[in-house]
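Engineer: have a look at this prediction, sequence included:
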Amino acid sequence: MDTIASLFSFITWPVSWVIVQFHTLYGAIFGDDTGWAWGLSIVSLVVLIRICLIPLFVKQIKSTRNMQVLQPKMKAIQERYKSDKQRQSEEMMKLYKETGTNPLSSCLPILAQSPFFFALYHVLSAIASGKTIGVIDQPLLDSARKAHIFGAPLAAKFMDSEATVHALGASLLDVRVVTAVMIVMMSASQFFTQRQLMTKNVDLTVKTPYMQQQKMLMYIFPLIFAVMGINFPVGVLVYWLTTNVWTMGQQMYVINQNPTPGSKAQDHYLGRLLKSVTAHGEVRGRTKRNTVKRIVSKGPDRNDIERKFITGLAKLGFAAQEDGTVIKSDTALAESEGGAAQRRQQPKRQTKAQRQTGAAQQTGAKDTDSTESGSKTSLQKPDASQDDKPKPAGKPASGSSRQAKSGQRKGPQRPKHPSKK
């Protein structure tokens, strides 16, 4: 770790200067040798760095949005090359190159603040060794060595020996307890930050290498920092815990205000937006109007959550406009009610047993009708036609047309004239 930190020694002077300036401010309030003065100086250093990284964070959000826009194309590539994983990866990389999207953009804030992290580690290691560094002269060095955060010296580490800890004016138990708690909190905040990104702000209908990367980071980063944390000074643990908390809060704000399309966060956000429109009769806020504007511009390409939102507006009698506003529309309400009525009038789907029972009942009814109609016909048919026609003498009456000989006319035969017998 010391070797890596020495590579960033060029930034040691500005980091130490910023810490000293904040220490001068907080020292006038809490005292120069207190842990509050030095600890808050490190926290203020983190806040200043993260404010400077906001443009990079905005770039990260835009790159993430580009990944979301590309998800339908990614899904098409996955379906096309389902059995060829290598070709699938090649087509994904080609798509990233054509659109200028970087899947590793989520790591940019961490990479950007790494030099400050290692420079701070270098400063605290020098304080633990009793060496002046940057703008920290001997009086400031003595003051920093006396500073304790919950009983643990600013420069103490979890793996320090008892002699080293006693030289800093503390007990080994205090140092181990404080550093262990801070390591657990640091790893837990890192894990929770990645987890809420994966569970709330990702479209789970499309599986992409980006999602696999985020899932891998969710488990690897906390483990890496937990293992490395035992070699971090208390001041560095304060730095990293602060930056994790900042990242978690920043991400929660983005998820609540600008969620990923198709994610659970978007469903919750549009539900809150629908309640707001119901209460006020309009879309309040530029951010919310921009959200409605994007949904309207998608047209038939809307996802299920966005279609649900548009349908909810129609049921309330509102129609979303292209500029992100909503207006009262009786047509939208009528269409919504008409569609609901049409859906209610549709018959329920019958089971196979019900269909077979119905068919059997219909067949039985037909047989009954045909029997009754046959009996009525036979009762109404007069027998006089048979009695009126004389039968030929010496020949029995024909039983049916099926008994007629070949060559003879079917049906009742006309009797021959007596003169032709």
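Structural biologist: On my side now, so go ahead.
Engineer: helices of the stretch 101-250 of the chain, start to end?
Structural biologist: Taking DSSP state H, counting those that start in this stretch as the test, the helices found in the stretch 101-250 of the chain are 108-129, 138-146, 162-167, 172-200, 209-229, 234-257.
Engineer: could you check the angle the longest one makes with helix 209-229?
Structural biologist: Here helix 172-200 runs at 180 degrees with respect to helix 209-229, directions being taken by axes from the mean of the first three to the mean of the last three C-alpha atoms, to 10 degrees.
Engineer: what angle separates helix 172-200 from helix 234-257?
Structural biologist: Using the same axes, to 10 degrees: helix 172-200 against helix 234-257 is 20 degrees.
Engineer: OK, contacts around the nearest residue to Asp160 once chain neighbours are set aside?
Structural biologist: Nearest residue to Asp160, sequence neighbours excluded (C-beta to C-beta, 6 or more residues apart in numbering): Val175, at 6.7 Å. (Glycine included, C-beta is placed from N, CA and C.) Applying C-beta atoms under 8 Å, 6 or more residues apart in numbering, we find Val175 in contact with 151-153, 156-158, 160, 165, 234.
Engineer: one more time with 10 Å
Structural biologist: 148, 151-153, 156-160, 162, 164-165, 168, 234 (C-beta atoms under 10 Å, 6 or more residues apart in numbering).
Engineer: now stretch 298-315: mean pLDDT?
Structural biologist: Stretch 298-315 carries an average pLDDT of 88.
Engineer: check stretch 170-178 too.
Structural biologist: 92.
Engineer: can you list the buried residues in that stretch?
Structural biologist: 170, 172, 174-176, 178 (16 or more other C-beta atoms under 10 Å).
Engineer: and what of stretch 29-41?
Structural biologist: In stretch 29-41, counting by 16+ other C-beta under 10 Å, buried: 32, 34-35, 37-41.
Engineer: residues in contact with it: which ones?
Structural biologist: Contacts of stretch 29-41 from elsewhere in the structure, counted by C-beta under 10 Å, 6+ apart, are 18-28, 127, 139-140, 142-155, 234-235, 238-239, 242.
Engineer: give me that answer again for 6 Å
Structural biologist: 19, 22-23, 26-27, 143-144, 146-149, 154, 238 (C-beta atoms under 6 Å, 6 or more residues apart in numbering).
Engineer: again with stretch 285-299
Structural biologist: Contact with stretch 285-299 is made by 273, 283, 306, 320, 322, 324, as judged by C-beta under 6 Å, 6+ apart.
Engineer: could you work out the most separated pair of those?
Structural biologist: Greatest spatial distance among those (C-beta to C-beta): Leu273 and Glu322, at 17.0 Å.
Engineer: the more surrounded of these two?
Structural biologist: Leu273 (20 against 9; other C-beta atoms under 10 Å).
Engineer: separation between that one and Ala37?
Structural biologist: 45 Å (C-beta to C-beta, to the nearest Å).
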